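A.B. asks: I'll drop the sequence and a predicted model, then ask my questions.
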Amino acid sequence: MTALIKRFGQIFLTGLVVLLPVTVTVVFLLWLLSGAESVFGDLIRPVLGERYYPGMGMLLGVGFVFGVGLLAQVYFVRKLFDWGNALVARIPLVKTVFGAVRDLVSLFDGGERRFTKVVKVRLPNTQIHLIGFVTREDFSGLPSGLAGPGIIAVWVPMSYQIGGYTLFLPRDQVEPIDMPFEDALRFAVTAGLSSAPPRDLPRDLPRDLPRDLPRDLPRDLPRDLPRDLPRD
C-alpha cells in the first residue's frame, strides 16, 4: 500500500511539473489580454455600440503597443520619450518604482544589453563558484569611492527569487562563460535544474559524403549464424 501511494505521488508530481509552467504562462497571458480587453474595450464600446464584438479591445491593445514600438524608432519621438522619462525620474517615490521597472524591462529587450557578459565568480580561498552577470565595467560619472581601477560590477542572482547581490570584484576574480544570457539566467534562477536547449548542428559538415550505398553488395551472405559455436 505504501509503495502504491509513493508511486501515485511520483506520477502526480510528474504531471504537476509538466502542467505548471504551461498553466502559469497561459494564466499570465490571459490576465494580460483580459486587462487589455477591459481597458481598451471600455474606450471603444461607446463609439462602436452594437458593432462592438468581444476581443476588439484586446486587438486594439496589441495594436497600440505595436504602434508605440514603431513610434519609438523615430528619433524625434524617442527624444520625446527620453524627456518624459527624465521628468518622471525627478518625482519623489515615483522615480524609485518607475526606474526599477524600466531597468528590469530593459534587461530583456532586443536593444542594448545591460548584462554584457556571463561569468563565473570565484570565492576567495574556496572551491566555490557562483554564476553572475557583468553589469558595469566603466564607473565614470559615479562617485569616485564606489569602485577603483580593475573593479567590475557583477550581479549574482538568487535561486527561485528575483533578488540578488551586486558585487564589486577584481577583474581577475571572475571567469567568462560561453553561455547565452537567457540560458545562464534560467540556470541560475532554477538552482541548476534547467538545462540549455541543444544548439544547432554545425553547418560546416563535409558535403562529399556518399549519398547512396553501393548496390553491388554480395547476396550470398549467410542468413543465420551457426548455433554450435565454441564457448571457450
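C.D. replies: Yes, it's here.
A.B. asks: tally of neighbours for the residue nearest to residue 41 when sequence neighbours are not counted?
C.D. replies: Spatially, and ignoring its direct neighbours in sequence, residue 41 is nearest to residue 57 (2.8 Å; Cβ to Cβ, 6 or more residues apart in numbering). In short, each C-beta sits where N, CA and C put it, glycine included. When counting by other Cβ atoms under 10 Å, one arrives at 23 neighbours for residue 57.
A.B. asks: which SSE is immediately downstream of the least confident helix or strand in the chain by mean pLDDT?
C.D. replies: Within the chain, confidence by mean pLDDT, DSSP states H and E is lowest for helix 94-106 among all helices and strands, at a mean of 74. Sequence-wise, the next helix or strand beyond helix 94-106 is strand 117-122, with elements assigned using DSSP states H and E.
A.B. asks: so what does the next helix or strand after that next one touch, helix or strand wise?
C.D. replies: Read in the C-terminal direction, the helix or strand following strand 117-122 is strand 129-136, with elements assigned using DSSP H and E. Identification of packing neighbours for strand 129-136 by 3 or more Cβ pairs under 8 Å, 6 or more residues apart in numbering; DSSP states H and E yields strand 117-122, strand 151-157, helix 181-189.
A.B. asks: tell me which of these lies nearest to residue 83.
C.D. replies: Using Cβ to Cβ as the measure, strand 151-157 is the one of these that comes nearest residue 83, at 27.9 Å.
A.B. asks: distance from the chain centre to stretch 67-82, please.
C.D. replies: When C-alpha coordinates are averaged (Cα atoms, centre = their mean, to the nearest Å), stretch 67-82 and its chain have centres 25 Å apart.
A.B. asks: also stretch 170-180?
C.D. replies: 19 Å.
A.B. asks: all further residue positions should be reported with the first residue as 19.
C.D. replies: Sure, I'll start counting at 19 from here, so that last one is stretch 188-198.
A.B. asks: let me see the mean pLDDT of it.
C.D. replies: The predicted model assigns stretch 188-198 a mean pLDDT of 84.
A.B. asks: buried residues, that stretch. List them.
C.D. replies: Along stretch 188-198, the positions that meet the burial threshold by neighbour count (16 or more other Cβ atoms under 10 Å) are 191, 192, 197.
A.B. asks: for that stretch, measure first residue to last.
C.D. replies: Chord length of stretch 188-198, first to last residue, is 23 Å (Cα to Cα, to the nearest Å).
A.B. asks: stretch 188-195 too?
C.D. replies: Taking Cα to Cα, the span from the opening residue of stretch 188-195 to its closing residue is 17 Å.
A.B. asks: domain ranges for the chain?
C.D. replies: For the chain, the structural domains run 25-124, 135-207, going by automatic domain parsing.
A.B. asks: who's in contact with stretch 65-84?
C.D. replies: Outside stretch 65-84, the residues that touch it by Cβ atoms under 8 Å, 6 or more residues apart in numbering are 51, 52, 54, 55, 56, 57, 58, 59, 60, 61, 62, 63.
A.B. asks: give the next helix or strand downstream of the helix or strand hosting the last one.
C.D. replies: What it means is residue 63. Following DSSP H and E, one finds residue 63 within helix 20-66. Next helix or strand after helix 20-66 toward the C-terminus (DSSP H and E): helix 74-89.
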